[in-house]
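J.: Using only what follows, build the 3D model:
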Amino acid sequence: MSTKAMVNEFAKMRHLRVWLLTLILAVLAIGIGLYGSTMLGPDFDPASDDAWNSVLSASGFTLAGPLLLAVIASRQVDIEHQGNGWLMSATSGVTSGGLCRAKLFSLGIMVTIATIAVSGALLSVGLLFGVTAPIPGGRWIGFTACIIVVNLVLLALHIVVSTRIENQLVGIGIGLLGTVLALFGNEIPAWMAHLTPWGYYALSTAAEYQDGVLVGLTPSYASVLALGAVATTVFILFTGRLDRQEV
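T.: Residues are numbered from 1 along each chain as shown. A predicted model of the protein is given here:
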């Protein structure tokens, strides 16, 4: 991957204020999660052994992620359509496929940092609320890693969509649909959640209600890993095909 292409992508992000969209993603993920969490309810007991389950269930990526990731990818790709950037990159030796890979890598760094920041912020909130039970470190790290993978897969998906379809409203519409699918991910059978990338937010869950009781869960690591592998393969094939096409 061209270092120059990476530097250019970060420069574009600064110009397009993509960093601000990423910050909004993180803030909304925390705000939405806390608003819907039992942590703010009168029944929350920070001394309970299950208190961390309330914190783990407070991630709002399910609602904030699908649409904002679509907007972030769309904004970063649309500038190439508007300014004939594909041709300009080709003349400087960067293929369209290489440009897409640079976009995913640069945006992926931002999204990964935001996801880790949200995870760390929720952990800090739990400590501020006085949770005294031992932190479920393994489950916490696993949950964070799964959310990172799902976020990156959706980011790659929207880069592909935004590259192939110049009308960016299509990608935004897919993001809106994804929000609905992610929202109901916990309400449908697990096999159905496997059918769309947005359903993997539910499969990454580390705590959910079962029979009215909030319990800890082990994220579906194998499923999320398989999603990441399939998405990586498809993205490599897609960008490889772009490498062989004339602009």
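J.: Please report how far the residue of the chain positioned farthest from its centre lies from residue 7.
T.: For the chain, the largest distance from the centre (CA atoms, centre = their mean) belongs to residue 91, which lies 32.4 Å off. From residue 91 across to residue 7, the span is 17 Å (CB to CB, to the nearest Å). Backbone N, C-alpha and C define where each C-beta goes, glycine included.
J.: For this structure, which residues score under the pLDDT cut-off?
T.: In the predicted model of the chain, residues 1, 36-42, 49, 212, 246-247 satisfy pLDDT under 70.
J.: now the strands: where do they sit in it?
T.: Assigned by DSSP state E, the chain shows strands spanning 207-210, 213-216.
J.: who touches the first one?
T.: Pointing back at strand 207-210 there. 52-54, 56-57, 186, 214-217 (CB atoms under 8 Å, 6 or more residues apart in numbering).
J.: ok, now stretch 86-102?
T.: Contacts of stretch 86-102 (CB under 8 Å, 6+ apart): 1-2, 4-6, 8-9, 80, 85, 159-160, 163, 235, 238-243, 245, 247.
J.: Let's see which of those end up in helices.
T.: Among those, the members falling in helices (DSSP state H) are 4-6, 8-9, 80, 85, 159-160, 163, 235, 238-243.
J.: List buried members of those residues by neighbour count.
T.: 5-6, 8-9, 80, 85, 159-160, 163, 235, 238-239, 242 (16 or more other CB atoms under 10 Å).
J.: May I see the residues you listed arranged in TSV, with distance to residue 106 as well?
T.: As requested, those are exported to TSV (distance: CB to CB, whole Å):
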residue	distance to residue 106
5	9
6	6
8	9
9	4
80	14
85	14
159	11
160	16
163	15
235	14
238	18
239	14
242	17
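J.: Against residue 65, how distant is residue 33?
T.: 11 Å.
J.: Between these two, tell me which one has more neighbours.
T.: residue 65 (28 against 24; other CB atoms under 10 Å).
J.: nearest spatial neighbour of the more buried one, skipping sequence neighbours?
T.: In space, and not counting its chain neighbours, residue 65 is closest to residue 151: 5.9 Å by CB to CB, 6 or more residues apart in numbering.
J.: How many residues are close by that neighbour?
T.: 24.
J.: Kindly report the same for residue 210.
T.: 9.
J.: what's the answer for residue 28, then?
T.: So residue 28, with other CB under 10 Å, has 18 neighbours.
J.: ok, now residue 195?
T.: Count around residue 195 with other CB under 10 Å applied: 10.
J.: Tell me the spacing between it and residue 223.
T.: 11 Å.
J.: Please apply the same query to residue 94.
T.: Distance from residue 94 to residue 223, by CB to CB: 35 Å.
J.: Give me the more crowded residue out of these two.
T.: Taking neighbours as other CB under 10 Å, residue 94 and residue 223 compare with residue 94 leading, 20 against 17.
J.: I appreciate the help and will end here.
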